[in-house]
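Peer 1: coords below, sequence missing:
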């Protein structure tokens with residue numbers, strides 16, 4: 001009787017791995033939000049990176065295209081203020097020409113920039129995992145990060161709806177801490193607060209679940225890794241906001 005127990009355990013483990021590896025695309029997409037642990041185990045067994053890369057590229061494009069009139073109005077006003085503060089005279093015709101070019105550069109730059117940022121973030125995460133003596137390949141980390149982009153995509157959808165309802169574009173989501181601090185606009189703290197957002201926090205929690213599955217690191221080490229990335233993003237947001245305020 002006892003001799004059969006290990007065999008049964010091995011069989012059940014094999015069946016579980018097969019189940020996770022065969023999880024279909026729809027289940028993976030919705031599963032990120034509703035049962036992320038199972039999705040991340042599936043990605044650990046069979047990493048999939050194409051969807052994440054496409055999602056990263058298409059999300060900013062969708063945001064711009066589906067809010068296009070409001071987005072262009074926002075960008076024009078922002079550029080006019082910037083040029084005025086830099087004492088640069090720009091005629092209406094020149095501004096029209098700049099805006100005509102920017103609509104293409106925004107779409108292309110947004111897509112390329114999002115993909116590049118994702119690749120770099122995955123590399124940093126993978127590096128941190130290795131520093132903490134964790135397991136996992138770069139492709140696995142990239143796959144996990146890519147699928148957390150589903151939550152970011154939901155955030156984009158919410159933002160598109162918000163812009164359509166209000167009729168005005170804003171870089172600051174109403175779900176972020178910064179939306180409650182309008183008087184602090186232009187400060188380092190305001191920029192960091194833009195990154196403290198409901199969907200962003202949700203995404204980092206799911207990222208932690210994925211990294212735990214891939215790296216086999218302890219919960220405390222995963223928390224430290226995710227906290228480092230979150231802090232780095234917040235600091236970047238703060239510095240960017242502070243620097244941009246000099247020209248606004």
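Peer 2: Thanks, I have it. Predicted model only: the values in this text are computed from it and were never measured.
Peer 1: Could you give me the buried positions within stretch 230-239?
Peer 2: Across stretch 230-239, burial judged by 16 or more other CB atoms under 10 Å covers 230, 233, 234, 237, 238. No exception for glycine: its C-beta is placed from N, CA and C like everyone else's.
Peer 1: now, the most widely separated pair of those?
Peer 2: 230 and 238 (12.7 Å; CB to CB).
Peer 1: If you count contacts, what does the helix or strand hosting residue 26 end up packed against?
Peer 2: Secondary structure assignment for residue 26, by DSSP states H and E: helix 25-34. Contact here means 3 or more CB pairs under 8 Å, 6 or more residues apart in numbering; DSSP states H and E; on that basis helix 25-34 packs against helix 36-45, helix 138-166.
Peer 1: quick check, nearest of the buried residues of stretch 230-239 to residue 35?
Peer 2: The closest of those to residue 35 turns out to be residue 230 (CB to CB; 23.3 Å).
Peer 1: The closest one: what secondary structure?
Peer 2: Assigned with DSSP: H, G, I helix; E, B strand; the rest coil, residue 230 falls in the helix class.
Peer 1: if I look at it, how far off is residue 223?
Peer 2: Distance from residue 230 to residue 223, counting by CB to CB, to the nearest Å: 10 Å.
Peer 1: go on, residue 151?
Peer 2: On the measure of CB to CB, residue 151 and residue 223 end up 19 Å apart.
Peer 1: more crowded one of the two?
Peer 2: Per other CB atoms under 10 Å, whichever of residue 151 and residue 223 has more neighbours is residue 151, with 21 against 13.
Peer 1: where does that one land on pLDDT?
Peer 2: Residue 151 is assigned 98 on the pLDDT scale.
Peer 1: Quick check: phi and psi on residue 46?
Peer 2: The phi/psi pair for residue 46 (degrees, to the nearest 10) reads phi -140, psi 90.
Peer 1: just to revisit the earlier point, now pLDDT and distance to residue 137 too, for the buried residues of stretch 230-239, in JSON lines please.
Peer 2: Formatted as JSON lines, these follow (pLDDT from 0 to 100; distance: CB to CB, whole Å):
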{"residue": "230", "pLDDT": "95", "distance to residue 137": "23"}
{"residue": "233", "pLDDT": "93", "distance to residue 137": "24"}
{"residue": "234", "pLDDT": "94", "distance to residue 137": "28"}
{"residue": "237", "pLDDT": "92", "distance to residue 137": "30"}
{"residue": "238", "pLDDT": "92", "distance to residue 137": "33"}
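Peer 1: Okay, and which of those residues map to helices?
Peer 2: Residues of these located in helices (DSSP state H): 230, 233, 234, 237, 238.
Peer 1: dump the residue contacts of the last one.
Peer 2: Think residue 238. The contact partners of residue 238, by CB atoms under 8 Å, 6 or more residues apart in numbering, come to 187, 188, 189, 190, 191, 192.
Peer 1: switch to 7 Å and redo it
Peer 2: 188, 189, 191, 192 (CB atoms under 7 Å, 6 or more residues apart in numbering).
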